[in-house]
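> coords please:
(2 chains)
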Amino acid sequence: AQSVTQLGSHVSVSEGALVLLRCNYSSSVPPYLFWYVQYPNQGLQLLLKYTTGATLVKGINGFEAEFKKSETSFHLTKPSAHMSDAAEYFCAVSDRVLTGGGNKLTFGTGTQLKVEL
Amino acid sequence: GAGVSQSPSNKVTEKGKDVELRCDPISGHTALYWYRQSLGQGLEFLIYFQGNSAPDKSGLPSDRFSAERTGGSVSTLTIQRTQQEDSAVYLCASSPQPGRGDTQYFGPGTRLTVL
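Below you'll find the predicted structure:
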């Protein structure tokens, strides 16, 4: 069975500092990996995803993530944090197609990012 | 364009009552998913629709939970005889084309509180 581990339920950084949110996955087949962001009282918004091809994936709002198969990791980074980045971030894996062709996402427990002045 | 919408945004009910949660997906999206977000369990898949059919209901936690979709559009998640453990945020997502790498677009959720 697939699973996702996000180390650190809360991460705090200073504005302008590097953001690093960690995600490790377990999958029996080549995984598809996703990062979503959730702002208060809103749904999840896709930041980026890895399916196949280039292992460094660039997303919205300056975020990027690198798929490292040998480390089973898909860490999310941003060079310079902004106050507006404060939100909860979820890593997710999809390693199988649902009955009928759908895409079941298995999510990590989330990391709350706080950005301080 | 319009995103996924859900109603109500908040629902407070008494234990034992039935509730209906509604999801309006993005127009033209054939795939629709329901997830539940709770403090104890995180984000969990509940059910998947392709058109009006639900080929995968493997995440529904009990037979008190059911869902339907009509006209390839609106979906309703029904919880009968609600229990306190049903308290959670129920999220709906839609996708233009189902598949393992599809991008799911999420609505804002319905926060259900069972007293």
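
> residue nearest the centroid of chain B?
Compute the mean C-alpha point of chain B, and by C-alpha atoms, centre = their mean the closest residue is residue B:34, 3.3 Å away.

> tell me which residues touch residue A:92, please.
Residues counted as contacts of residue A:92 (C-beta atoms under 8 Å, 6 or more residues apart in numbering or on different chains) are A:4, A:33, A:34, A:35, A:36, A:105, A:106, A:107, A:108, B:43. For the C-beta atoms, the positions are set from N, CA and C on the backbone; glycine is no exception.

> okay, and the beta partners of the spatially closest residue to the fifth one that is not a sequence neighbour?
Setting aside the residues directly before and after it, residue A:36 is nearest to residue A:44 in space (C-beta to C-beta, 6 or more residues apart in numbering or on different chains), at 4.1 Å. Here residue A:44 shows beta-bridge partners residue A:38, assigned using DSSP bridges.

> helix or strand: which one has the residue in chain B that chain A sits nearest to?
Chain A sits closest to residue B:55 of chain B, with a gap of 2.6 Å, by C-beta to the nearest C-beta. Residue B:55 is located in strand B:53-56, with elements delineated by DSSP states H and E.

> hang on, the residue nearest to the centre of chain B packs against residue B:75?
Yes - at 7.3 Å, residue B:34 and residue B:75 qualify as touching, with contact defined as C-beta atoms under 8 Å.

> overlap in contacts, the two.
B:23, B:67, B:92.

> show me the shaky parts of the chain.
Looking at chain A here, since you left the chain open. By pLDDT under 70, the weakly predicted segments of chain A are A:95-96.

> hm, I was asking about chain B
Looking at chain B by pLDDT under 70, you get B:1.
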